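In: any chance you could fold what I've pasted below:
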Amino acid sequence: MKIPNLTLSLITSVSLLSSNSYANTVELDPIVVNSDFREKKLSQTSNSVTILSEDKLIDKAVLSLENVIGAIPNVNFTAGASRAHYLQIRGIGERSQFVAPVNPSVALLLDGIDLSSSALALTMFDVNQIEVLKGPQGTTFGANAMAGLISLKSKEPSEESQGHIETSFGNYNTKALGLAVGGSIIENKLLARFSLYEKTSDGFMNNTYLNRKDTQNIDELTSKAQFTWLKSDKHTLDLNLLHVDVNNGYDAFTFDNSLNSTSDEPGKDTQKTNALALKSQYQVNNKMHLLSKTSYSKSDMIYSYDEDWSYTGAFADALGPYSSFDEYIRKREKVDFDFSLISDEEGRIFNNTSDWTLGLYYKQQEEDLIRNQTSNTRYKSVYNSKNHAIYGQLNSHLSEKLSLITGLRVEKWQAEFTDSNNLKIDTKEVLLGAKVGLSYQEDENNLSYILLSKGYKPGGVNANNTLTNNAREYKTEHLWNLDLGKNFSILDNKIKSRVNVFYGLRRNQQVKSSLVQTQNNGSTSFIDYFANAAKSNYYGAELQSDYYVNKDLHIFASLGLLKSTFDEYSDPNPSSVDVNKRAPAQAPKYQYNIGFAYMLSDFIEFKADLEGKASYFFSNRHNQEARSYSLINTSLSYTNEAWTITLWGKNLTNEAYQTRGFNFGNNPSNGYASELHTQQGNPRTFGFTAGYYF
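Out: Predicted coordinates for the structure are as follows:
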């Protein structure tokens, strides 16, 4: 792998440094990880976890999820829409969805609401913390978290009345306005918090045919309401309500991979979501408490695009031009229930050495699809799935410093698929997730651990009826993953680091592939499908470091290394490209982020960082790659007791980079020759954000 020498030197110089805050005496670890059965301090978590806490999110409300977490070690994303719908962790995850239903590899949660495969609903305003858990979460979260979990947690209601107003302006006609207020409705009894945030932008595509600069626009509205009812000393109820209305445009692909579109029928990328989550915590007795979680979400989505990327009359008839529009109208409804008994200190078993958790889980999801395509008749499908699970976990204290963690989840998966082509496929199977690990807590801020975990992703169905029978279904994928890590702190807690190395084996690997067909006019079309085409292995490392040099200077760095390889690859519709011993798609060899924050005065702070990513393959069907890149980001903030005003800039050097790529023929002027077509990443953006806290 090739990392610029300057970047490598900077990463090396801080690779052993870390901290979370600085004062005359540095505060101990204040960050708490919530995405497990028991809350733990970050420094005491025996898993590969990245936390973006409030201080790292305070200036990022105007950014989308992928722009915020894209610099996290071994986290990648794909666009192919107005913004990224899909995320990958350690090279595992989906890249798109068209006709076939998709079971996600990376779970996405917002305040306990499952929004996996619905990433447009996740915005940053009034978010207090983002937790990224890497590796299989098969015991804790089951089928949707084989690669890992990303959980967003909003600011919680407080007893004290407080609020926040924020507005942003930027280039490309970017505007945003947010309001959050909260406090006690009934003192010591009922707390609430409400937030509303709207962001609009023209986007950076220029449609020269329609003379419009907003065909790739952003128009997103998010509203949240949170209630905490302190019902009694033993019982607390939390209710979270969510409404999202996204009305984005989609007009991203061009013949010359530029930002100048000639489409006459720009598409849409919309999502309307209404959701809720109810959490109840009841102290049964002094030995255990009952935690129950219920969530429901309903999403209506439209994804559409101009297939020919041009307008009528753009090419001579002799070249065989075509005109086609493709639209996917998808309705998704989810409900889940999770009940767990969790022991407290007096409820430990096995001679008072083991904390325990025992739980039951149920989930039901329905997804309805209507596809309208110019060249085909209307297509409809219905996909229903149900999960039933029982799970348990033991945290056994073998000595004062040495602990053993064991977990097991047994999940029954059922799915039914029907479509307008008279295809009907039912699947039933029993799935197992597990983990076993050891951790050694030398002191409060120094921990060593080893963790073996097993995850899974259920099989599914390929909807297109032109596929051969052996390509219509695919089986469950299984993943075994080993993590070995150390969290440590030195120099009176001013320096902290989290270092993790990992190794994984994927079996019955589900691979996204496609069958390319030539149309009568010479253009090409895709039939995308999943297949258990491969076995692969991966290994790598993740490093996260911060160093507060003094009260004015903070240096931070993160680095992700990944080596992923197909051991075997056998596609039911093989292409001319042999990918055996090659890396899978969306698996860059390295990612890094390095920067600093410097207090110019008591009120003014300057931040700068460099984030970069190695090249990676767009697909398993061809060898076209996204180019490696490095982006420079800066901000200058003024903060007093009530106000924060920030001038910010992203990708200051205006470096070109790609977020999606296809290799096929779609240009009549060159005889529909196969070539790389890419969607471009965000160019240079800049603006200011002003916030008032009261």
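
In: in stretch 563-576, which residues are buried?
Out: Neighbour-count burial for stretch 563-576, counted by 16 or more other Cβ atoms under 10 Å, picks out K563, S564, T565, F566, Y569, D571, P572, N573. To be clear about C-beta, it is placed using only N, CA and C from the backbone, and glycine gets the same treatment.

In: for the residue lying closest to H289 once chain neighbours are set aside, give me the pLDDT.
Out: Closest residue to H289 apart from its sequence neighbours, by Cβ to Cβ, 6 or more residues apart in numbering: Q283 at 4.9 Å. pLDDT for Q283: 96.

In: swap in the one 5 residues further on?
Out: Reading off the per-residue confidence, M288 sits at a pLDDT of 96.

In: bridged to the most centrally placed residue in the chain, which residues?
Out: Among the residues of the chain, L87 comes closest to the average C-alpha position under Cα atoms, centre = their mean, at 4.5 Å. Per DSSP bridges, the residues bridged to L87 are F77.

In: of the buried residues of stretch 563-576, which is the nearest to M124?
Out: S564 (29.4 Å; Cβ to Cβ).

In: enumerate every residue touching that closest one.
Out: By Cβ atoms under 8 Å, 6 or more residues apart in numbering, the contact set of S564 is R90, G91, S536, N537, Y538, A583, P584, A587.

In: what about it, helix or strand, and which?
Out: S564 belongs to strand 553-569 when elements are defined using DSSP states H and E.

In: note down every partner strand of that strand and its orientation.
Out: Strand pairing (DSSP bridges) places strand 553-569 next to strand 524-548 (antiparallel), strand 590-599 (antiparallel).

In: quick check: mean pLDDT across the shortest one?
Out: When pLDDT is averaged over strand 590-599, the result is 96.

In: pull out the buried positions in that strand.
Out: Across strand 590-599, burial judged by 16+ other Cβ under 10 Å covers Y590, Q591, Y592, N593, I594, G595, F596, A597, M599.

In: please name the bridge partners of the second one.
Out: This means Q591. Residues in beta-bridge contact with Q591 (DSSP bridges): G560, K613.

In: go ahead and confirm it touches A557.
Out: No. With contact defined as Cβ atoms under 8 Å, Q591 and A557 do not form a contacting pair (11.8 Å).

In: what residues are up against the residue nearest to H289?
Out: Listed by Cβ under 8 Å, 6+ apart, the contact partners of Q283 are D233, K234, H235, H289.

In: of the residues you listed - the most surrounded one?
Out: In terms of neighbours by other Cβ atoms under 10 Å, the contacts of Q283 top out with H289 at 19 neighbours.

In: run through the bridge partners of that residue.
Out: Beta-bridge partners of H289, as defined by DSSP bridges: Q283, I342.

In: so it sits against E346, correct?
Out: No. Using Cβ under 8 Å as the test, H289 is too far from E346 to be in contact (11.4 Å).

In: mind giving me a markdown table with the strands paired with strand 553-569 and columns for distance to Q97?
Out: A markdown table is the format used below for the strands paired with strand 553-569 (distance: least, Cβ to Cβ, whole Å):
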| stretch | distance to Q97 |
| --- | --- |
| strand 524-548 | 9 |
| strand 590-599 | 24 |
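
In: least confident of those strands, on average?
Out: strand 524-548 - the lowest mean pLDDT of those, at a mean of 89.

In: returning to that earlier point: and which of the buried residues of strand 590-599 is nearest E625?
Out: So of the buried residues of strand 590-599, ranked by how close each gets to E625 (Cβ to Cβ), first place is Y590, at 14.1 Å.

In: ok, that closest one to G504 distance?
Out: 17 Å (Cβ to Cβ, to the nearest Å).

In: same check on L276?
Out: Counting by Cβ to Cβ, the gap between L276 and G504 amounts to 35 Å.

In: so which of those two has more stuff around it?
Out: The residue with more neighbours, out of L276 and G504, is G504; 23 against 17, by other Cβ under 10 Å.

In: dump the helix or strand containing that one to CSV, restricted to CA.
Out: Using DSSP H and E, G504 sits within strand 495-518. Taking Å, rounded to 0.1, in the frame of the first residue of the first chain, the C-alpha atoms of strand 495-518 are listed here in CSV:
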residue,chain,number,x,y,z
ILE,A,495,-2.4,10.3,26.6
LYS,A,496,-4.8,7.5,25.6
SER,A,497,-4.9,5.0,22.8
ARG,A,498,-7.1,2.1,21.6
VAL,A,499,-5.3,-0.4,19.4
ASN,A,500,-7.0,-3.4,17.9
VAL,A,501,-5.9,-6.2,15.5
PHE,A,502,-8.4,-8.6,13.9
TYR,A,503,-8.8,-11.6,11.7
GLY,A,504,-11.9,-12.9,10.0
LEU,A,505,-13.2,-15.8,8.0
ARG,A,506,-16.3,-15.5,5.7
ARG,A,507,-18.0,-18.7,4.6
ASN,A,508,-20.9,-19.0,2.1
GLN,A,509,-20.0,-15.4,1.4
GLN,A,510,-22.9,-13.4,-0.1
VAL,A,511,-21.5,-11.5,-3.1
LYS,A,512,-23.3,-8.8,-5.1
SER,A,513,-22.8,-9.4,-8.8
SER,A,514,-24.5,-8.6,-12.0
LEU,A,515,-25.3,-10.1,-15.4
VAL,A,516,-24.7,-7.6,-18.2
GLN,A,517,-27.1,-7.9,-21.2
THR,A,518,-26.8,-6.1,-24.6
